[in-house]
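Asks: all I have is the shape, not the residue letters:
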């Protein structure tokens, strides 16, 4: 399997090269040259596998330059850090299944991919004798998951930008209380979009990138996406077998388009089993406007109780745009240049029809989010975090009779105690990994939302 850029400016590269490159050197995002459709006889075998076994089988389709035994070892090592034997268990609650993706070390879905990516980085750097300085931006959960994926690892330093005072208190503490010598937290005076733009600009400075061996942990790194594909396949196979039905739907809370793009890849692999992908947004509804109206235009960033979705520039949108454009890299590059200049892309009716065959979408406002947490708790005794509540609300509104609805639970509710308390009258019980965080030593640098300031900091502290 080879990897190419959405903008067509690089020769095909291997998986190992793709992981280390992160953002393509032409400014595009990396994709496999093909997405395999899985034959029915293979699915029968896959249904019998554990999560780790399935992950090895799925990842092997996209990774052919790491020996299978080594890949299996990386997968097993990654998921030993999870506190549930099923890794991503399914819980039936009323009219939907909750796919719990928060059983990793930082209690967020990002752990599923970033525990794996951290181990892959370590494996490849040991193999090559090289070093890496990881640079990433987070809207909340990616930062801590990335930090926990590489903390204390040799040959790696990590620099994570988060929007100053725009993440939840626990999200901030999960990052800033990690004081390992190879971890650097930068609180940017701005929004997540500001931080993400800084990271992309620095990665596009090829001389700086090469000098400091920069690596990417954001979902611009293909390894993040492919690791997330696994839990869609796992859930679809489990629920179709359990319910005795041919198809399922997924509702996915998303702001950066990475998680639902993984669902899009899974659907292309299992077109007979995954019927619909519901793209759920909060009040920052750029992606809903795109799906419903063909309008992909920037707007102001609203601060909500689901901060990981408080995004206006969806980094992974370009990957889907490439397929929407019929895998035309030149056209995709032109579209992204136009968006960079104007902050807007408009799509004609033909393109809109295509989009609506791939996704449906709903936007859920703040009042509806809190009401959903309250109602779901009253009816089922189950506590949703605000991001998951956005997905549940959208999923239940779009539910089709006879087709099981799987809603992705992207974070443990204890990470968003204030929002949960406003809904149900009390904060959820803190799991052991979060208890006492506020009493721990922290380390963080508040920094201007400027490329030059971040580059100077990296220059000073890079390996």
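Replies: Looks like it came in fine. All of these numbers come straight from a predicted model, not from anything done at the bench.

Asks: after the longest helix along the chain, heading C-terminal, what element do we hit next?
Replies: Counting by DSSP state H, the longest helix found in the chain is helix 222-243. As assigned by DSSP states H and E, the chain's next helix or strand after helix 222-243 is strand 248-253.

Asks: which neighbours in the sheet does that next one have, and how are they oriented?
Replies: strand 274-281 (parallel), strand 405-409 (parallel) (DSSP bridges).

Asks: ok and the shortest one relative to helix 222-243, angle-wise?
Replies: Our comparison of strand 405-409 with helix 222-243, counting by axes from the mean of the first three to the mean of the last three Cα atoms, to 10 degrees, yields an angle of 140 degrees.

Asks: quick one: mean pLDDT for stretch 247-265?
Replies: The pLDDT scores in stretch 247-265 average 97.

Asks: hmm, I typed the wrong one, I wanted stretch 153-162.
Replies: Across stretch 153-162, the average pLDDT comes to 96.

Asks: roughly how far is it from the heart of the chain?
Replies: On the basis of Cα atoms, centre = their mean, to the nearest Å, stretch 153-162 is displaced by 18 Å from the centre of the chain it belongs to.

Asks: now do stretch 144-155
Replies: Offset of stretch 144-155 from its chain centre (Cα atoms, centre = their mean): 17 Å.

Asks: got it, and stretch 71-78?
Replies: A distance of 20 Å separates the centroid of the chain from that of stretch 71-78, by Cα atoms, centre = their mean.

Asks: over to stretch 42-54?
Replies: On Cα atoms, centre = their mean, the centre of stretch 42-54 falls 23 Å from the chain's centre.

Asks: what comes up buried for it?
Replies: Using 16 or more other Cβ atoms under 10 Å as the test for burial, stretch 42-54 gives 43, 46, 51, 52, 54. Heads up, the C-betas are built off the backbone N, CA and C, glycines and all.

Asks: among the residues you listed, which pair sits farthest apart?
Replies: By the measure Cβ to Cβ, 43 and 52 form the most distant pair in those, at 17.9 Å.

Asks: looks like residue 213 contacts residue 135 (just checking).
Replies: No. Residue 213 lies out of contact with residue 135 (Cβ atoms under 8 Å); the separation is 10.5 Å.

Asks: what about residue 340, neighbour count?
Replies: Counted with other Cβ atoms under 10 Å, the neighbours of residue 340 add up to 12.

Asks: for it, list the residues it contacts.
Replies: Applying Cβ atoms under 8 Å, 6 or more residues apart in numbering to residue 340 gives no contacts.

Asks: wasn't it part of a helix?
Replies: Yes. Applying DSSP: H, G, I helix; E, B strand; the rest coil, one finds residue 340 inside a helix.

Asks: could I get the strands paired with strand 248-253 as a markdown table with mean pLDDT, mean neighbour count and distance to residue 383?
Replies: Listed next are the strands paired with strand 248-253 as a markdown table, based on pLDDT from 0 to 100; neighbours: other Cβ atoms under 10 Å; distance: least, Cβ to Cβ, whole Å:
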| stretch | mean pLDDT | mean neighbour count | distance to residue 383 |
| --- | --- | --- | --- |
| strand 274-281 | 98 | 24 | 18 |
| strand 405-409 | 98 | 27 | 10 |
